[in-house]
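Participant: Give me a 3D structure for the following:
(one chain, ligands or ions: 1)
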Amino acid sequence: MAPTRKKSFGGLGVMRSELPLSGLTITLREPTGADDVLFAEYRGDDPHLVLRLVERLAEAEADVDWGDLAVIDIDTLILRLRQAVVGDQVSSHVDCGGCGGRAELSFGIETYLGHHRPHQGPLEKRNWGVSGPDDAGWRRLTGAGGIQPRFRVPTLNDQIAVADAQDPPLALAQRCVEPYPLPTKLAARVETALGTYAPPLAGPLRGYCPDCGAAIEARFEARQYCFQELSYRARFVYDDVGTLAGRYHWSERAILAMPYARRAQYVERARRQER
Ligand SMILES: [Zn+2]
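Facilitator: I've put the predicted structure just below:
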């Protein structure tokens, strides 16, 4: 994919949206060159970096500790950022197992988020249910007899806490499910409940090859995908600093402080004058 210059944030510089789980209304601002340097220079999905970027780019109507937000809210925020910077459409090319050709799987972020809305309120299944949450976010599995395990939706702070663990998914489960491990049947119920209250923004995408009709599948991990793409796009920043410093003798700091759209305007001008 060749990086293209595009007017991000619809030219407004900010975007408002609501997070699905907390219901928090947030404002995202357009990344500056300094944010782009962060995107470009750090390992994409490191949760520490995610927190830093969210703290820099997002504002909430209320005082909020971004690390306390559920992973689904953080990943939604990242998809919103991608939507504002790059656009709504996501497409990925897959090798077709049927004919060996290249097929494209594409979807819109708006639609994707619409299909991954968290369930609100209690959960009633045939033999079991879920109650809560309490003030600390714990919900309890009911109807199991014997053990009544409790669980909570993982937050960004949980991901940060387990980032250096030997087995992060295991460490995360130990923090968010009690007791752990659970008998298989109860573990499956907790997993179902978690997927209902906080559908993961990662998983398989399915479609059909337009040439031979074979089923095709690709895995989409919202956070990883968006960070990779934003980091790729952010690498423009070095050329831009070079162009603008050469042409106007502005300092790196001044150039990095500009919103992307303004920087792009100056760069276009400088390159026109070079010719
Ligand atoms: Zn095919």
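
Participant: What segments of the stretch 101-250 of the chain are helices?
Facilitator: According to DSSP state H, counting those that start in this stretch, the stretch 101-250 of the chain carries its helices in the segments 109-114, 156-162, 168-176, 184-197, 222-234, 236-248.

Participant: Need those in JSON lines (columns: mean pLDDT, distance to the ion and mean neighbour count).
Facilitator: C-beta coordinates here come from the backbone N, C-alpha and C atoms, glycine included. Below are the helices of the stretch 101-250 of the chain laid out as JSON lines (pLDDT from 0 to 100; distance: least, CB to the ion, whole Å; neighbours: other CB atoms under 10 Å):
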{"stretch": "helix 109-114", "mean pLDDT": "96", "distance to the ion": "24", "mean neighbour count": "14"}
{"stretch": "helix 156-162", "mean pLDDT": "98", "distance to the ion": "37", "mean neighbour count": "20"}
{"stretch": "helix 168-176", "mean pLDDT": "97", "distance to the ion": "34", "mean neighbour count": "16"}
{"stretch": "helix 184-197", "mean pLDDT": "95", "distance to the ion": "31", "mean neighbour count": "16"}
{"stretch": "helix 222-234", "mean pLDDT": "92", "distance to the ion": "23", "mean neighbour count": "20"}
{"stretch": "helix 236-248", "mean pLDDT": "95", "distance to the ion": "35", "mean neighbour count": "16"}
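
Participant: Which stretch among the ones you listed approaches residue 256 most closely?
Facilitator: Proximity to residue 256 (CB to CB) singles out helix 236-248 among the helices of the stretch 101-250 of the chain, at 7.1 Å.

Participant: Work out which residue lies at the spatial centre of this protein.
Facilitator: Taking CA atoms, centre = their mean as the criterion, residue 75 is the residue nearest the geometric centre of the chain, at 2.9 Å.

Participant: Nearest residue to it in space, please, no chain neighbours.
Facilitator: Residue nearest to residue 75 in three dimensions, not counting chain neighbours: residue 201, with 4.3 Å by CB to CB, 6 or more residues apart in numbering.

Participant: which ones are touching the one you found?
Facilitator: 72, 75, 76, 79, 112, 116, 221, 222, 223 (CB atoms under 8 Å, 6 or more residues apart in numbering).

Participant: same deal with residue 266?
Facilitator: 244, 248, 258.

Participant: Please convert those to a markdown table, extending it with distance to residue 98.
Facilitator: Shown next, in a markdown table, are the contacts of residue 266 (distance: CB to CB, whole Å):
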| residue | distance to residue 98 |
| --- | --- |
| 244 | 50 |
| 248 | 55 |
| 258 | 49 |
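
Participant: Out of these, the closest to residue 231 would be?
Facilitator: Nearest member of these to residue 231, counting by CB to CB, is residue 258, at 19.2 Å.

Participant: wait, doesn't the closest one sit right on residue 34?
Facilitator: No: at 9.3 Å, residue 258 does not count as touching residue 34 under the criterion of CB atoms under 8 Å.

Participant: What parts of this protein come near the ion?
Facilitator: When proximity is defined by CB under 5 Å from the ion, the chain lies next to the ion at 96, 98, 99, 101, 209, 211, 212, 214.

Participant: What is the neighbour count of the fifth one?
Facilitator: By the other CB atoms under 10 Å criterion, the neighbourhood of residue 209 contains 21 residues.

Participant: Give me the phi and psi for it.
Facilitator: phi -70, psi 130 (degrees, to the nearest 10).

Participant: One more: the first one?
Facilitator: Main-chain torsions, residue 96, degrees, to the nearest 10: phi -80, psi 130.

Participant: With adjacent residues omitted, what lies nearest to it?
Facilitator: Nearest non-adjacent residue to residue 96, counting by CB to CB, 6+ apart: residue 209, 4.2 Å away.

Participant: Kindly report the same for the last one.
Facilitator: Sequence neighbours aside, residue 98 is the residue nearest to residue 214 in space, at 2.9 Å (criterion: CB to CB, 6+ apart).

Participant: Contact partners for that neighbour?
Facilitator: Counting by CB under 8 Å, 6+ apart, residue 98 touches 209, 212, 213, 214.
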